[in-house]
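Trainee: Build the 3D model from these lines:
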Amino acid sequence: MLPKKSLWSCAACLRTPIVGLEYGQARLLPGGSIVFPRRFLTTRPIDTPRELKELPTTPSIAQKRAAERLGNIVDQQMRYLRGKDPYRIGQYVEQALRRNAFDEALLLVQKVGRGQQVVVAWNLLIDYQFGKQRIKEAMKLFNDMKKRGQQPNSRTYTVIFRGLSKQTNTKLAVSEAVKQYNSLIKGDRVESNSIHLNAAINVCAKAGDMDALFRIVDTINESSRTPDALTYTTILNALRFSTMDEIKDAEPEKKAESLQKLISGGKDIWVEVIDKWSDGALKIDEELVCAMGRLLHTALPRSSTNEVLDLLTQTMRIPNLVTNPNSDAHEDEKMRNIAATGSTKPVHATPHAAYAVPGRKTLSLVLTALAATRQNTAGIKYWNLLVRHYGIEPDNDIWFRLLGLLKVAKASAHASNTLELIPEQIFNPRQCRIAMEACVRDNINLNVIKNSTIALETMLKKLKIPDVETLRLYLRVALVSHFRFRKMAAADKLDEAKRLYGVQLTEALNRLWGPYQKVHHHYFEVIKPKDKEREASVLEAQNEIIALARQMFSAFNKVVNEKMLPNDDLEEMRLIASKLNRDIQDFISKHGTSLARTSPVVGESVGENGDDKASGQDKQGADFIWDTTKSAEFKQQQELKQRAPAYRRESPRSQETSRRNFRGRNFR
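Mentor: Residues are numbered from 1 along each chain as shown. Next comes the predicted model:
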């Protein structure tokens, strides 16, 4: 049986349908206009709409009430601020922004600004958005400000450039800075000046975009945008930072080429600086001089010391105490206390140029340059000149650099005495560690134990809780300072050498016992952690204390096992050792051995994989601990060296020198 046909299922019947219109007329419609599409011929789901349109949302009741409340607050404030001084309006906006009430401040400025210029308030709003890392919102405010008839002033562009220099999105910041700077110099409403120039250059310098920086530098003129000391300082620092980033992973040849290019570029800029300074067209300051000095030192850290010191002589009249060690710079009474805080002394000046006044950055630069070449004597001379004569007050960083210089120079006496000079307000454990590390490096010095004891006593006097790392370094000084004892052993005085070495170790352990008890009581009994983070830090500190206990116990065992002292002299030390062992075992039983084995004990060193292994003890330095049981073997080696022929004891360099001298005598 055939299915019934319907009018709507026949394509031929649908070609000529007659539709009655509203006015009684009839017309022929195209057949395809009312044919339904065949959805089974497409892969798109039928229930999926072709496009999604966001429905208009209406503000909620809470939002309406908040907007009404905000409007009432602003209207109430406008009664007192309309027609007032723009400075008063700016004060209110600043107070609102401190409360993070940005919407309130913006609405107020928009309403008040309808009848008067309130550029100060707009500047505060723009600066607030930059402070929140919102570049697009800040520039949108700037454009809205101009649309509302508020004319930007010179301060507005300064706020924009300085705000862009603090952004993390440096690429967008540079592009926006270049755009606004070009708009500024091409416009005629606001005259650009050196402040705008320096601020725009600073944006490019912090982003490391040297191309954009030099495009802005090309706009320098001699009328409004004249370069000053800050301009050259920013350019020199940008050159240095960009070069160091460029050579970070470069090949040696590329690195040398980039450094040479840095030096030549910096010196070209410095020639221009000196020419303008000599003509009186530029006033130099400490920032500019130190920027050039750091550039020279960064490029050539070892060979640029004299150039840096000559630079200070040229611009600050500080004598070069390396090339002229006998010059007495303290005789110049005009320079006394010239760098002291609040000093009103006039600076030395030529008819056209004034010298820069040295300060903390100058002293820091000098100490850094001299530390690279280990010129300890010159460093102390400069310290006395700049601190005692010129009146510079050292800060925390300068004290660190001085101690670093003394550490590199192995000047344990000066380092220990320097700790006593540091004010208690800035005294910290790291300074004690550097001074004690200087003593470790100076282990051949006969007075190194005395010097390290001075450093230890200074730390105990100035710190409430002793520093564990400093205590461990003090024990290290006692362990590695054995040069004179080994010389005695080589001279057939082994028993006396062992006894003195044992006395040195036991005295060090006695001095450490009191500080150890104090720091152990503080971290194991006084401090009670309240959260997991605090508990982890306390556990780490406890671990360091147990590492110190292990090293002290190991040092005592060394004295006993190598029979340095008779048993009757070790009765007190046995009591201390038993208490140390009890602390170690209690900690291990509670936390396991993994935490207690973070630091090597006496005679051990940490391998590459973190495991402890016996050291060879062949290194005659800070890592060499004398094993007195092997003194007989050491003596035999020394005797064999003495019996060997003289030509075998010569080094290859001395042999080559002897051959050259021999050939020279034959030639003559």
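Trainee: Mind jotting down where the helices sit in the stretch 451-600 of the chain?
Mentor: 468-480, 483-490, 494-521, 532-561, 571-591, 593-596 (DSSP state H, counting those that start in this stretch).
Trainee: Specify the angle between the fourth one and helix 468-480 in degrees.
Mentor: What that stands for is helix 532-561. Orientation of helix 532-561 against helix 468-480 (axes from the mean of the first three to the mean of the last three C-alpha atoms, to 10 degrees) gives an angle of 20 degrees.
Trainee: buried stuff in helix 532-561?
Mentor: Under the neighbour-count criterion of 16 or more other C-beta atoms under 10 Å, helix 532-561 has 541-556, 558-559 buried. Just so you know, the C-beta spots here come from the backbone N, C-alpha and C atoms, and that holds for glycine as well.
Trainee: what about it, average pLDDT?
Mentor: Taken as a whole, helix 532-561 has a mean pLDDT of 90.
Trainee: Tell me which other helices or strands that helix touches.
Mentor: When contacts are defined as 3 or more C-beta pairs under 8 Å, 6 or more residues apart in numbering; DSSP states H and E, helix 532-561 packs onto helix 468-480, helix 494-521, helix 571-591, helix 593-596.
Trainee: and it, how far out from the chain's middle?
Mentor: Distance of helix 532-561 from the chain centroid (C-alpha atoms, centre = their mean, to the nearest Å) equals 31 Å.
Trainee: re the thing from before, deepest-packed of the helices and strands packed on helix 532-561, please.
Mentor: When those are scored by mean count of other C-beta atoms under 10 Å, the highest mean neighbour count falls to helix 468-480 (a mean of 23).
Trainee: ok and that one relative to helix 494-521, angle-wise?
Mentor: Using the same axes, to 10 degrees: helix 468-480 against helix 494-521 is 170 degrees.
Trainee: which other residues reach helix 468-480?
Mentor: 429, 432-433, 436-437, 439-440, 443, 448-449, 452-453, 455-456, 459, 504-505, 507-509, 511-512, 515-516, 519, 541, 544-545, 547-548, 551-552, 555, 599, 602, 621-625 (C-beta atoms under 8 Å, 6 or more residues apart in numbering).
Trainee: what ranges do the helices span in the stretch 301-450 of the chain?
Mentor: 305-316, 360-372, 376-383, 396-408, 412-421, 429-441, 448-462.
Trainee: Could I get the buried residue list for the shortest one?
Mentor: To tie it back to what came earlier, the one meant is helix 376-383. Buried, per 16+ other C-beta under 10 Å, within helix 376-383: N376, A378, G379, I380, K381, Y382, W383.
Trainee: Then the fifth one?
Mentor: Buried residues in helix 412-421, counted by 16+ other C-beta under 10 Å: S412, A413, H414, A415, S416, N417, T418, L419.
Trainee: Taking helix 468-480 as reference, get the angle to that helix.
Mentor: Relative orientation of helix 412-421 versus helix 468-480 (the same axes, to 10 degrees): 160 degrees.
Trainee: And the contacts of helix 412-421?
Mentor: So helix 412-421 is contacted by 376, 380, 399, 402-403, 406-407, 427, 431-432, 434-435, 438-439, 441-442, 445, 447-448, 451-452, 454-455, 458-459, 462 (C-beta under 8 Å, 6+ apart).
Trainee: Give me the buried subset of these.
Mentor: 376, 380, 399, 402-403, 406-407, 427, 431-432, 434-435, 438-439, 441-442, 445, 448, 451-452, 454-455, 458-459, 462.
Trainee: circling back: out of the helices of the stretch 451-600 of the chain, which gets the lowest mean score?
Mentor: helix 593-596 - the lowest mean pLDDT of the helices of the stretch 451-600 of the chain, at a mean of 58.
Trainee: For the helices of the stretch 301-450 of the chain, give me a markdown table that also has distance to A207.
Mentor: Below are those laid out as a markdown table (distance: least, C-beta to C-beta, whole Å):
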| stretch | distance to A207 |
| --- | --- |
| helix 305-316 | 28 |
| helix 360-372 | 24 |
| helix 376-383 | 36 |
| helix 396-408 | 26 |
| helix 412-421 | 40 |
| helix 429-441 | 33 |
| helix 448-462 | 43 |
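Trainee: give the contact list for A96.
Mentor: F102, E104, A105, L108.
Trainee: In this structure the third one contacts V93, no?
Mentor: Yes - if you go by C-beta atoms under 8 Å, A105 and V93 touch, sitting 4.7 Å apart.
Trainee: thinking again about what came up before, can you list the helices of the stretch 301-450 of the chain in TSV and add distance to R162 and mean pLDDT?
Mentor: Output for the helices of the stretch 301-450 of the chain, formatted as TSV (distance: least, C-beta to C-beta, whole Å; pLDDT from 0 to 100):
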stretch	distance to R162	mean pLDDT
helix 305-316	28	93
helix 360-372	22	93
helix 376-383	36	90
helix 396-408	25	93
helix 412-421	39	94
helix 429-441	34	96
helix 448-462	41	96
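Trainee: L164: which of these is closest?
Mentor: Of all these, helix 360-372 sits nearest to L164, with 26.3 Å by C-beta to C-beta.
Trainee: Test for you: state the pLDDT assigned to L14.
Mentor: In this prediction L14 is given a pLDDT of 55.
Trainee: ugh, wrong one, I meant K528
Mentor: K528 is given a pLDDT of 80.
Trainee: What's the local residue count around I625?
Mentor: 17 (other C-beta atoms under 10 Å).
Trainee: Distance check, A411 against F624.
Mentor: Per C-beta to C-beta, to the nearest Å, A411 is found 21 Å from F624.
Trainee: The two: who's more crowded?
Mentor: A411 (25 against 18).
Trainee: Could I get the contacting residues of that one?
Mentor: N376, A438, D442.
Trainee: can I get the residues you listed in CSV with distance to E68?
Mentor: As requested, those are exported to CSV (distance: C-beta to C-beta, whole Å):
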residue, distance to E68
N376, 74
A438, 70
D442, 76
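Trainee: which one of those residues is nearest P152?
Mentor: For these, the nearest to P152 is N376 (56.4 Å; C-beta to C-beta).
Trainee: any idea what sits nearest the closest one, other than its immediate chain neighbours?
Mentor: Once flanking residues are discounted, N376 sits nearest to A409: 3.3 Å by C-beta to C-beta, 6 or more residues apart in numbering.
Trainee: quick one: that neighbour and I380 touch, right?
Mentor: No - counting by C-beta under 8 Å, A409 does not reach I380; the two are 9.4 Å apart.
Trainee: Domains in this structure, by residue range?
Mentor: Following automatic domain parsing, one gets these domains for the chain: 65-152, 227-393, 497-626, 637-667.
Trainee: now these in CSV, with distance to L213?
Mentor: Shown next, in CSV, are those (distance: least, C-beta to C-beta, whole Å):
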stretch, distance to L213
domain 65-152, 19
domain 227-393, 6
domain 497-626, 43
domain 637-667, 49
